[in-house]
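K.L.:
missing the sequence, but the structure's below:
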């Protein structure tokens, strides 16, 4: 029997501090067989590695999120977040690189560009995006791409650095169908999560309707983006069934078919 593969989660997040073990231990009974926990900052990485050691079905990704590149020093103390004088450097890069030697770390991510905030350092974000893409190519791991309000530059960096050579997924895809077509032509997967179930998710539903099933990945981005009918609550991988049900409705498939195909897609991308 196929099991749901949640390709992008954040169980290292403090939102799960009170009941992390309870939630993770109960996922298989909810039909979830695999989870990838994506790093955002350096302090995430050792916590993710510990979780992958504790749970056989949980894997990790190591990388630096674009909004964390100059907001937080490397370390396990989240109290230093918000240090605007800090800029990631060689030390942080080496921590990411070292983490990729761990057999349970199977991707470089979450990396990319995010131009949403007023204090965005665009050149620095692009420099690190390119640097981490080339690291992924070096170790032959896929990339988990975060792109917010930065469609043109994200694509420019991906093309300039030949990111198609390592492949990966455009996580939480939020752009137009035309952009999705370009990424599909480059061999990338599209990450589909709770937004698909929202009333204002028409754009993503159109993309899912267009794209072939063998390029869709299920993801929660938990604790964020809980789908209908639990929107507004803390998300977790058990809720991904609602996304699979919506895909099944759009594509004219059974729920089990969607789960089986997206599980196969995820294993193919992650080389599992």
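P.N.:
Cool, the structure landed. What you are looking at is a predicted structure, and each value in this text was computed from that prediction instead of being measured.
K.L.:
contacts only, for the nearest residue to residue 224 once chain neighbours are set aside.
P.N.:
Using CB to CB, 6 or more residues apart in numbering and skipping the chain neighbours, the partner closest in space to residue 224 is residue 235 (6.0 Å). To be clear about C-beta, it is placed using only N, CA and C from the backbone, and glycine gets the same treatment. Shown in contact with residue 235 (CB atoms under 8 Å, 6 or more residues apart in numbering): 194, 220, 221, 222, 223, 224, 225, 226, 227.
K.L.:
so is residue 235 in a helix, a strand, or just coil?
P.N.:
coil (DSSP: H, G, I helix; E, B strand; the rest coil).
K.L.:
may I have the phi/psi pair for it?
P.N.:
The phi/psi pair for residue 235 (degrees, to the nearest 10) reads phi -80, psi 150.
K.L.:
would you agree residue 6 falls within a helix?
P.N.:
No: Residue 6 is assigned strand when assessed by three-state DSSP, not a helix.
K.L.:
that one bridge partners, please.
P.N.:
Per DSSP bridges, the residues bridged to residue 6 are residue 35.
K.L.:
let me see the confidence value for it.
P.N.:
As predicted, residue 6 sits at a pLDDT of 98.
K.L.:
now swap in residue 160 and tell me
P.N.:
98.
K.L.:
list the contacts of it.
P.N.:
residue 130.
K.L.:
cool, the one 10 residues further on as well?
P.N.:
Listed by CB under 8 Å, 6+ apart, the contact partners of residue 170 are 145, 147, 180, 183, 188, 189, 190, 191.
K.L.:
just flag the most distant two among these.
P.N.:
Greatest spacing in these, by CB to CB: 147 and 189 (13.7 Å).
K.L.:
helices or strands next to the helix or strand encompassing residue 95 in the packing?
P.N.:
Here residue 95 is covered by helix 90-99, with elements defined by DSSP states H and E. Here helix 90-99 touches helix 44-54, strand 58-62, helix 122-139, going by 3 or more CB pairs under 8 Å, 6 or more residues apart in numbering; DSSP states H and E.
K.L.:
which of the residues in it are buried?
P.N.:
Buried residues in helix 90-99, counted by 16 or more other CB atoms under 10 Å: 92, 93, 95, 96, 97, 99.
K.L.:
residue 61: which of those residues is nearest?
P.N.:
Closest approach to residue 61 among the buried residues of helix 90-99 (CB to CB): residue 99, at 9.1 Å.
K.L.:
what sits closest to the closest one if chain neighbours are left out?
P.N.:
Per CB to CB, 6+ apart, closest to residue 99 is residue 62, 3.8 Å.
K.L.:
surely residue 28 meets residue 3?
P.N.:
Yes: with contact defined as CB atoms under 8 Å, residue 28 counts as touching residue 3 (7.5 Å).
K.L.:
mind putting the helices and strands packed on helix 90-99 into TSV with mean pLDDT and mean neighbour count?
P.N.:
Formatted as TSV, the helices and strands packed on helix 90-99 follow (pLDDT from 0 to 100; neighbours: other CB atoms under 10 Å):
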stretch	mean pLDDT	mean neighbour count
helix 44-54	97	19
strand 58-62	98	26
helix 122-139	97	18
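K.L.:
closest to residue 257 out of the ones you listed?
P.N.:
strand 58-62 (24.0 Å).
K.L.:
picking up where we left off before, report the beta-bridge partners for the residue nearest to residue 99.
P.N.:
Beta-bridge partners recorded for residue 62 (DSSP bridges): residue 108.
K.L.:
equivalent analysis for residue 147, please.
P.N.:
residue 113.
K.L.:
list the contacts of it.
P.N.:
112, 113, 114, 154, 170, 171, 174, 175.
K.L.:
quick one: pLDDT of the last one?
P.N.:
Just to be clear, that refers to residue 175. pLDDT, residue 175: 96.
K.L.:
all good on my end, thank you.
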